[in-house]
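Q: Sequence first, then the predicted structure, then my questions.
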Amino acid sequence: SEVRIAMFIQLFSNYLVEQSVITIEQRNSFQAEMERTRVKLGTIAIAEGMLTKEQTEEINHQQTQQDRRFGDIAVSMGYLTDAQVSGLLDRQGDVSMRFFQLLVNATGLSMETVSGYLKDFQKAYGFTDEELEAVKQDDFESVVPLFATVRDATITDLAGLVMRNLTRFVTSNFYFGRMKKAPEYAYSMLAGQKSVGDSNIFLGFGATNELDGIVKLAKNYAKNISVTGSDEVYDAVCEFANLNNGLFDSVLSDDDIFIEMIPPEVYLNQQLSGNAYCMPVYLDDSEFDLIISTDAAFVPGERPHALNLNRTELQIDTSGALPTVLVVDDSLLIRKVLIKLLSENGYQVVGEATNGREGVELYKELEPDIVTLDITMPVMDGITALKLIKEYDPEAMVAMISAAGQKDKLMEALREGAELFFTKPFNAQEVISTLRS
């Protein structure tokens, strides 16, 4: 599994490259060495006999459903004590000192010289001593507010959530720059999602020029699912925005704040309007921007881009031996994930639809054993499609698909006759065991 290179190491090593102290090749070798010297808490816990592999996987799965740290979840589940978590953190070692040692050994610089460069780095970034220490400790809870210093706490909280989810679902090796107000952000591409209701939130990912960072974001998020072509890249980025919005909206709903997610959209070569904030994020020297707004008047763009996403080539078994499934979701990435998962576990996907209206039509045509329905879709949402399918076939077996923040919608779906539901991101074993039961 991937090991995170501390943000301080990435920032400081890039600064040294800019100052011609080390080469890019040296920077990369140092970072690779750091990967071998700092491991995840779960890995250490297994090695120390404090957790089993299954317990670690269970905690990791809980992290996909909750915005909490590994150690906090392990304690709440009764697997570890606070003292044990503290001991695991100590075992990870002082990352900055390990980097300094690598630097001295490889370049012949004295520690005094390295300390001088560190002071220059601190001055260049405007860090206080306390802030620099937080960056060196790779403490996101403390670091994100340093880089997202805005009056609106919602924006800072949401930025922190996105950074944690980048680590969980995309890559652990990234760093970010200071958040700035973006009243006239002109972009080559912007993909994101609005949530409306008692609060108004837009969360998206954009680029002002080259799309290398956006492509890396999409492909790393898709993992082992093939993402080819620009529209498939945009679709995957929209799903990552949906994941973050869902987790954040679930926190709001727990506080009885009503909020509803609108289907994600993509915009090309336009300019946003309204109050928004931009935070640059760097993956392997490629940049993309996190865009967040809580302004009810915010408009991401005037002309949404219509995604042209090809359907998957389905291999149909005409013997009738396998239970049949219809997959309905506006995201090609999610359809691919479900088709792969179902096909590998004894189900036959006989059709896929991109919105509720298509889903109802295909259900009547194919009459599958099971239909999976996304809740948030354009043209016709999943709840409306569920009602129409149940009117046509009261015995229809329907599984609803939702982001984490759609509890009210899920309850409505269950009242309307849905048999079960799954929350994105999926846990493969949970999906299959629930379907089989």
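A: Great, that's in hand.

Q: where's residue 22, which helix or strand?
A: Counting by DSSP states H and E, no helix or strand carries residue 22.

Q: Relative to residue 161, how far out is it?
A: Distance, residue 22 to residue 161, by C-beta to C-beta, to the nearest Å: 33 Å. For glycine as for every other residue, the C-beta is placed from the backbone atoms N, C-alpha and C.

Q: What is the neighbour count of residue 190?
A: 29 (other C-beta atoms under 10 Å).

Q: Let the chain start at 641 from now.
A: All right, first residue 641 from here; so that's residue 830.

Q: counting residues per strand, which one in the protein is longest?
A: Using DSSP state E, we find that the single longest strand of the chain is strand 826-837.

Q: Remind me what it packs against, helices and strands.
A: Applying 3 or more C-beta pairs under 8 Å, 6 or more residues apart in numbering; DSSP states H and E, one finds that strand 826-837 makes contact with strand 841-847, helix 870-894, strand 899-901, strand 905-911, strand 926-933.

Q: Quick one: residues in contact with the fourth one.
A: Contacts of strand 905-911 from elsewhere in the structure, counted by C-beta atoms under 8 Å, 6 or more residues apart in numbering, are 824-833, 874, 877-878, 940-945, 947.

Q: filter those to the buried ones?
A: 825, 827, 829-833, 874, 877-878, 940-941, 945, 947 (16 or more other C-beta atoms under 10 Å).

Q: picking that back up, would you pull up how far the longest strand of the chain lies from the middle of the chain?
A: Its chain's average C-alpha position is 15 Å from that of strand 826-837, according to C-alpha atoms, centre = their mean, to the nearest Å.

Q: Let me know the angle separating that strand from strand 926-933.
A: Orientation check (axes from the mean of the first three to the mean of the last three C-alpha atoms, to 10 degrees): strand 826-837 against strand 926-933 gives 40 degrees.

Q: Could you check the angle strand 826-837 makes with strand 841-847?
A: Using the same axes, to 10 degrees: strand 826-837 against strand 841-847 is 160 degrees.

Q: What mean pLDDT does strand 826-837 get?
A: Across strand 826-837, pLDDT averages out at 95.

Q: Show me what that strand pairs with in its sheet, parallel or antiparallel.
A: Applying DSSP bridges to the sheet, strand 826-837 is found paired with strand 841-847 (antiparallel), strand 899-901 (antiparallel), strand 905-911 (antiparallel).

Q: weakest of these in terms of mean pLDDT?
A: Among the strands paired with strand 826-837, strand 899-901 scores lowest, at a mean of 86.

Q: Any buried residues in that strand, and which?
A: 899, 901.

Q: Could you double-check that residue 1064 lies in contact with residue 880?
A: No - counting by C-beta atoms under 8 Å, residue 880 is not a contact partner of residue 1064; they are 10.6 Å apart.

Q: remind me which residues of the stretch 941-1077 of the chain are low pLDDT?
A: 958, 1044-1045 (pLDDT under 70).

Q: Would you map the helices across it?
A: 972-983, 996-1006, 1022-1032, 1047-1055, 1068-1076 (DSSP state H, counting those that start in this stretch).

Q: So for residue 795, which of the ones you listed sits nearest?
A: helix 1047-1055 (23.6 Å; C-beta to C-beta).

Q: okay, now residue 979: neighbour count?
A: Neighbourhood size, residue 979 [other C-beta under 10 Å]: 19.

Q: what pairs with the residue nearest to it when sequence neighbours are not counted across the strands?
A: Nearest-residue entry for residue 979: residue 989, 4.8 Å, with adjacent residues in sequence omitted and distances by C-beta to C-beta, 6 or more residues apart in numbering. Following DSSP bridges, residue 989 is listed with bridge partners residue 965.

Q: cool, residue 847 as well?
A: residue 829.

Q: Is residue 662 in contact with residue 747, as I believe?
A: Yes - contact status for residue 662 versus residue 747: in contact at 6.4 Å, counting by C-beta under 8 Å.

Q: Looking at the two, which has the bigger crowd around it?
A: The residue with more neighbours, out of residue 662 and residue 747, is residue 662; 21 against 15, by other C-beta under 10 Å.

Q: now the more buried one, nearest residue through space, not along the chain?
A: The nearest residue in space to residue 662 (C-beta to C-beta, 6+ apart) is residue 656, at 4.8 Å.

Q: any idea how far the one you found is from residue 829?
A: Applying C-beta to C-beta to residue 656 and residue 829 gives a distance of 32 Å.

Q: And residue 804, by the same measure?
A: Note on residue 804: its distance to residue 829, by C-beta to C-beta, is 24 Å.

Q: returning to what we had before: quick one, which of the helices and strands packed on strand 826-837 gets closest to residue 667.
A: That would be, of the helices and strands packed on strand 826-837 and by C-beta to C-beta, strand 926-933, which comes in at 15.3 Å.

Q: Buried ones in the closest one, by neighbour count?
A: The neighbour-count check on strand 926-933 (16+ other C-beta under 10 Å) flags 926, 927, 928, 929, 930, 931, 932, 933 as buried.

Q: same check, this time on stretch 793-805
A: The neighbour-count check on stretch 793-805 (16+ other C-beta under 10 Å) flags 795, 796, 797, 798, 799, 800, 801, 802, 803, 804, 805 as buried.

Q: Including secondary structure and distance to residue 814, could these go into a markdown table?
A: Shown next, in a markdown table, are those (DSSP: H, G, I helix; E, B strand; the rest coil; distance: C-beta to C-beta, whole Å):
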| residue | secondary structure | distance to residue 814 |
| --- | --- | --- |
| 795 | helix | 19 |
| 796 | helix | 18 |
| 797 | helix | 19 |
| 798 | helix | 17 |
| 799 | helix | 13 |
| 800 | helix | 14 |
| 801 | helix | 15 |
| 802 | helix | 11 |
| 803 | helix | 8 |
| 804 | helix | 12 |
| 805 | helix | 11 |
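
Q: So which of these is the closest to residue 688?
A: Nearest to residue 688 among those, with distances taken as C-beta to C-beta, is residue 804, at 24.6 Å.

Q: any idea how far residue 933 is from the nearest residue to that closest one once chain neighbours are set aside?
A: Nearest non-adjacent residue to residue 804, counting by C-beta to C-beta, 6+ apart: residue 780, 6.1 Å away. Distance of residue 780 to residue 933, computed by C-beta to C-beta: 22 Å.

Q: Residue 859: neighbour count?
A: 18.

Q: For residue 1021, see how far away it is.
A: 29 Å.

Q: now swap in residue 814 and tell me
A: For residue 814 relative to residue 1021 (C-beta to C-beta), the value is 34 Å.
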